[in-house]
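Q: 3D, please:
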Amino acid sequence: MPVFPSIEGEPGLDKVFRRFPHTVMPLLEYHDRLLRDPSPLTVAERELIAAYVSGINSCTYCHGAHVVAARAFGVDPDLFDGLMADLETSRVDNKLKPILAYVGKLTKTPSMMIEADATRVYAAGWDEQALFDAVSVCALFNFMNRIVEGSGIKANPLDADQAELDARMARMGGATDDPHRGERSYTRLASMWGIAEAD
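A: Alright, predicted model coming up:
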């Protein structure tokens, strides 16, 4: 039996959100504020963090969706195999590695965070806003991974045909003149999925 028997066919995030719409708009608005509004982290870096956290959690759907989103902002999708195998030897920019180490540890062993974890981030040249934004992206995708897995969503966006991959990338809005901000693309999903603002 599927997790939600009232949802017909293969479960998808769009179907789940249409079935339970009450909190969808604030959630998508938070996605846009966190992933698209100005930050010391580029949009590409924030999408990379989303994909990395989701990969650590083995959330196939979110990992695949955010590999595609990161690609829309210029991240080489081939980078992720090495990143998921070993952060330290991966081709990720060395400046970003302490942030990824931080969110990786926060995902796997949150009660074991220590001041030295943050010190390494600051030593790499990041400020407090960058670290808070990284922590927030980490928290959001631990949350989203559990919504997805708890709802029985198992599809892998990376298995889609090229037309669907291109459509997903186009929905992300693509790069702008300022790599630290992007078009708000997540709230647009609500209208695409036929979800109205809830009272």
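
Q: hey, let's count contacts and neighbours off CA atoms from now on
A: Noted.

Q: Could you tell me which helix of the chain is the longest one?
A: Longest helix of the chain, by residue count under DSSP state H: helix 128-150.

Q: So which bits of that helix are buried?
A: Buried positions in helix 128-150, judged by neighbour count with 16 or more other C-alpha atoms under 10 Å: 130-131, 133-142, 144-145, 148-149.

Q: Quick one: residues contacting His31.
A: His31 sits next to Tyr186 when contact means C-alpha atoms under 8 Å, 6 or more residues apart in numbering.

Q: Which helix or which strand is home to it?
A: According to DSSP states H and E, His31 maps onto helix 24-36.

Q: Please apply the same query to Arg188.
A: helix 186-192.

Q: Please list the outside residues in contact with that helix.
A: By C-alpha under 8 Å, 6+ apart, helix 186-192 touches Val24, Met25, Leu28, Glu29, His31, Asp32, Met172, Ala196.

Q: what do you get for stretch 35-49?
A: 66-67, 69-71, 73-75, 100, 103, 126-127, 129-130, 133-134, 137-138, 179-185.

Q: still on that earlier bit, from the chain's centroid, how far away is the helix holding Arg188?
A: The gap between where helix 186-192 is centred and where its chain is centred comes out at 16 Å by C-alpha atoms, centre = their mean, to the nearest Å.

Q: can you give me the mean pLDDT across that helix?
A: When pLDDT is averaged along helix 186-192, the result is 92.

Q: What of stretch 1-9?
A: Mean predicted lDDT for stretch 1-9 stands at 92.

Q: can you give me the offset of that stretch from its chain's centre?
A: Using C-alpha atoms, centre = their mean, the offset of stretch 1-9 from its chain centre is 25 Å.

Q: how about it: buried residues?
A: Under 16+ other C-alpha under 10 Å, stretch 1-9 has no buried positions.

Q: Next: stretch 15-34.
A: Buried residues in stretch 15-34 (16+ other C-alpha under 10 Å): Val16, Phe17, Arg18, Pro21, Val24, Met25, Leu28, Glu29, His31, Asp32, Arg33, Leu34.

Q: How about stretch 189-199?
A: Ala190, Ile195.

Q: if I pick the residue nearest the centre of the chain, what's in contact with it?
A: The chain has Ala50 as the residue nearest its centroid, 2.9 Å off, counting by C-alpha atoms, centre = their mean. Going by C-alpha under 8 Å, 6+ apart, Ala50 touches Cys62, His63, His66, Val137, Cys138, Phe141.

Q: Filter the contacts of stretch 35-49 down to the buried ones, ChimeraX style.
A: In ChimeraX, a selection of the buried entries from the contacts of stretch 35-49 looks like this (16+ other C-alpha under 10 Å):
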select :66,67,69,70,71,73,75,100,103,126,130,133,134,137,138,179,180,181,182,183,184,185
